[in-house]
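# The sequence and its predicted three-dimensional model are supplied below.
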Amino acid sequence: MAASSGAEREYTVHVAECDSRGRLAAAARGWSRQPLLRANLRGRWGRKKQWDYWCVITDEIAVSLVYANVDYAGLASVWVMEHASGEQATAGMIAPLARGFALPQQVCTGSVSLRHKALDLAIDETPTGTRLTATGQQTAPGFGGGTIEIDITVAKPAGHESLNVMIPWNSRQFQFTSKQNTRPATGTVRVGARSWSIDAAHDAWGVQDLGRGIWPYRNQWNWGSASGYGLDGRLVGLQFGGKWTEGTGATENALCIDGRLTKISQELQWTYDWADPMRPWRVRTPGSDQVDVTLTPTFDRYDCTDLKVLKMEVHQCFGTWSGRVVGDDGVPVEFSGIRGFAEEARNRW
């Protein structure tokens, strides 16, 4: 069963990503409100990229976990940053040729895990939530040193909708992404002698970026996300992408208002400065007032992994979003100071 929304096709049944030749299956083109894809990628060694990324943001800290298989390497890491001080702690590891790294074909199900002297990490999916656990020895010590310990559960509210979309560069290069926000988070984070509670009292939300696809060697992307309450009390999630989707006929732009998705089948206009990323980032819909929002950064997480054949460089700016969006119901939602981030990534992989 499929429905039309703008120029993009919405599907409501489970689909396989690839056909018998390993090319993009016709049924997988489009988007859905639930993660319905089976990522049956095959062949194309060096071009397959698969990852689970989670970020949990509260009024005190931001936490991220990454588990990725990019063919050349397996990457796993955890990161903690305190908003007030800007202090950070990280732990991670890289496995050449991604030895020991595996991800479930059916997206947003099952578990991934890693046991390593530098980092133990697990992402466990259940019908009601996603549990994120990690214990790591700091590679960039912060907060006085000590072990990083994370135990967070990100709830899956009944009926909650998310953006799940296939970006088709062509039949041999394509990427499925599941972007989820406005999911309540609870748990604890410890770094050495410091600890933080993750709960509603600290405005804690989980953000997911799950990716499964076959990529060109060079690419750039924008990503922006936020979760929080509008001035009228409605829960609003921002999901914006850019650059990498241009010319494909698909976008990863959407709003999630009170758990219901509004798909935006239009490229957004991003205004920011790569050379000065702490300046405001503005995102808007050209020619309409559906989206007009601005991120005021408070912290730039700059990261560059350079393994020669593989290089990943990113400015991920955390801060607060303010502005106005309009969902499918036509009712504007205004908000001020909801936490999130915006980024530009430049990759050779």
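Structure's in. What do you need?
# List of residues touching stretch 327-339?
57-59, 203, 205, 226-232, 234, 236, 255, 257, 260, 262, 318-326 (C-beta atoms under 8 Å, 6 or more residues apart in numbering). Every C-beta, even on glycine, is put in place using the N, C-alpha and C of the backbone.
# in that stretch, what counts as buried?
327, 333, 335, 338-339 (16 or more other C-beta atoms under 10 Å).
# which among the contacts of stretch 327-339 end up buried?
Using 16+ other C-beta under 10 Å, the buried ones in the contacts of stretch 327-339 are 57-58, 203, 205, 226-228, 230, 236, 255, 257, 262, 318-326.
# Filter these down to the ones in strands?
If you go by DSSP state E, those have 57, 205, 226-228, 236, 255, 257, 262, 318-326 in strands.
# residues touching V283, list them.
Counted by C-beta under 8 Å, 6+ apart, V283 has contacts 224, 240, 268-271, 291, 293-295, 342.
# That one and Q290: what is the separation?
Here the criterion is C-beta to C-beta, to the nearest Å. By it, V283 lies 11 Å from Q290.
# Need the residues touching each of the two.
By C-beta under 8 Å, 6+ apart, no residue touches both V283 and Q290.
# can you give me the strands for the stretch 101-250 of the chain?
Assigned by DSSP state E, counting those that start in this stretch, the strands in the stretch 101-250 of the chain fall at 111-115, 119-125, 129-137, 147-155, 163-168, 174-191, 194-198, 205-214, 218-229, 235-242.
# orientation of the last one relative to strand 174-191 in degrees?
Interaxial angle of strand 235-242 relative to strand 174-191 (axes from the mean of the first three to the mean of the last three C-alpha atoms, to 10 degrees): 130 degrees.
# what's strand 235-242 packed up against?
Under the contact criterion of 3 or more C-beta pairs under 8 Å, 6 or more residues apart in numbering; DSSP states H and E, strand 235-242 touches strand 174-191, strand 218-229, strand 253-257, strand 311-326, strand 332-348.
# How about the first one?
If you count contacts as 3+ C-beta pairs under 8 Å, 6+ apart, strand 111-115 packs onto strand 119-125.
# strand partners of the strand it packs on, parallel vs antiparallel please.
Next to strand 119-125 in the sheet, as set by DSSP bridges, lie strand 111-115 (antiparallel), strand 129-137 (antiparallel).
# related to what we said a few turns ago, I'd like the strands of the stretch 101-250 of the chain written out as a markdown table, with mean pLDDT and distance to Q88 added.
Output for the strands of the stretch 101-250 of the chain, formatted as a markdown table (pLDDT from 0 to 100; distance: least, C-beta to C-beta, whole Å):
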| stretch | mean pLDDT | distance to Q88 |
| --- | --- | --- |
| strand 111-115 | 97 | 21 |
| strand 119-125 | 98 | 16 |
| strand 129-137 | 98 | 13 |
| strand 147-155 | 98 | 11 |
| strand 163-168 | 98 | 29 |
| strand 174-191 | 98 | 9 |
| strand 194-198 | 98 | 12 |
| strand 205-214 | 98 | 18 |
| strand 218-229 | 97 | 19 |
| strand 235-242 | 98 | 24 |
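# Just put those strands in JSON lines and tack on distance to V314.
Shown next, in JSON lines, are the strands of the stretch 101-250 of the chain (distance: least, C-beta to C-beta, whole Å):
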{"stretch": "strand 111-115", "distance to V314": "22"}
{"stretch": "strand 119-125", "distance to V314": "20"}
{"stretch": "strand 129-137", "distance to V314": "20"}
{"stretch": "strand 147-155", "distance to V314": "21"}
{"stretch": "strand 163-168", "distance to V314": "18"}
{"stretch": "strand 174-191", "distance to V314": "16"}
{"stretch": "strand 194-198", "distance to V314": "24"}
{"stretch": "strand 205-214", "distance to V314": "12"}
{"stretch": "strand 218-229", "distance to V314": "9"}
{"stretch": "strand 235-242", "distance to V314": "14"}
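# Of the ones you listed, give the one that comes closest to P277.
strand 218-229 (11.8 Å; C-beta to C-beta).
# Now find how far off-centre stretch 257-264 is within its chain.
16 Å (C-alpha atoms, centre = their mean, to the nearest Å).
# which other residues reach that stretch?
5-6, 8, 10, 31, 33, 157, 159-163, 182, 234-237, 251, 253-256, 285, 290-291, 325, 327-329, 333.
# Which among the residues you listed count as buried?
Using 16+ other C-beta under 10 Å as the threshold, 8, 10, 31, 33, 160-163, 182, 235-237, 251, 253-256, 285, 290-291, 325, 327, 333 are the buried ones among those.
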